[in-house]
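K.L.:
turn this into a model:
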Amino acid sequence: MEKGKKYSIIITTGSGLYRYKINDLIEVTGFLRGIPLIKFIGKEDNVCDLFGEKLNEQFVKDQLSAIFRRFKIEPNFFLFSPEVDDIRHIYRYVLFIECQDEFHRFFTVEKLLEKNLQRNFHYAYCRKIGQLQEVKIFIINREGIKSYIDRCY
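P.N.:
Numbering: from 1, shown residues only. Down below sits the predicted model:
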């Protein structure tokens with residue numbers, strides 16, 4: 001195990017007869033007398049999959065965090081979600097975001113997010129064969145967030 005690396009937990013008996021993949025994702029934060037110190041990151045099985053692209057929640061979160069840091073974006077709210085329009089044959093992912101940022105920069109952010117998502121082989125393949133369109137960013141305002149939250153409750 002290495003500090004800063006992420007791992008999946010598999011529980012087994014001493015004999016190795018039974019194995020249970022519990023879909024927990026952990027990160028090694030350090031070591032104490034040779035024993036790894038770990039932090040729970042999330043569940044591995046939170047995956048969105050329209051055409052086999054298998055976008056894992058943690059993978060997307062890592063890509064977005066890196067972009068937010070790079071561009072010094074501090075979103076008040078964001079949601080990454082698939083867009084499915086069977087009538088117009090539009091299938092893609094959309095980043096809904098509300099923040100106090102300059103909107104003209106989001107074209108660059110959109111292109112970088114698309115590039116970063118293609119680090120996932122399955123997503124890149126779905127894009128290559130035309131099953132998915134490029135990711136889009138949708139800027140929302142405070143009233144839009146309130147409306148969304150009101151509809152959730």
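
K.L.:
could you use CA atoms for every contact and neighbour count after this?
P.N.:
Noted.

K.L.:
only C-alpha atoms, please: export whichever strand or helix holds Glu114 in CSV.
P.N.:
Applying DSSP states H and E as the criterion places Glu114 in helix 106-117. Provided in CSV are the C-alpha atoms of helix 106-117 (Å, rounded to 0.1, in the frame of the first residue of the first chain):
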residue,chain,number,x,y,z
PHE,A,106,-16.6,27.9,-18.9
PHE,A,107,-15.9,27.1,-22.5
THR,A,108,-12.4,26.2,-21.6
VAL,A,109,-13.6,24.3,-18.5
GLU,A,110,-16.0,22.4,-20.7
LYS,A,111,-13.3,21.3,-23.1
LEU,A,112,-11.0,20.3,-20.3
LEU,A,113,-13.7,18.3,-18.5
GLU,A,114,-14.4,16.4,-21.7
LYS,A,115,-10.7,15.7,-22.1
ASN,A,116,-10.4,14.5,-18.5
LEU,A,117,-13.5,12.3,-18.8
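
K.L.:
list the buried residues in the following helix or strand past that helix.
P.N.:
Later in the chain than helix 106-117, the nearest helix or strand by DSSP H and E is helix 121-128. Using 16 or more other C-alpha atoms under 10 Å as the test for burial, helix 121-128 gives 122-127.
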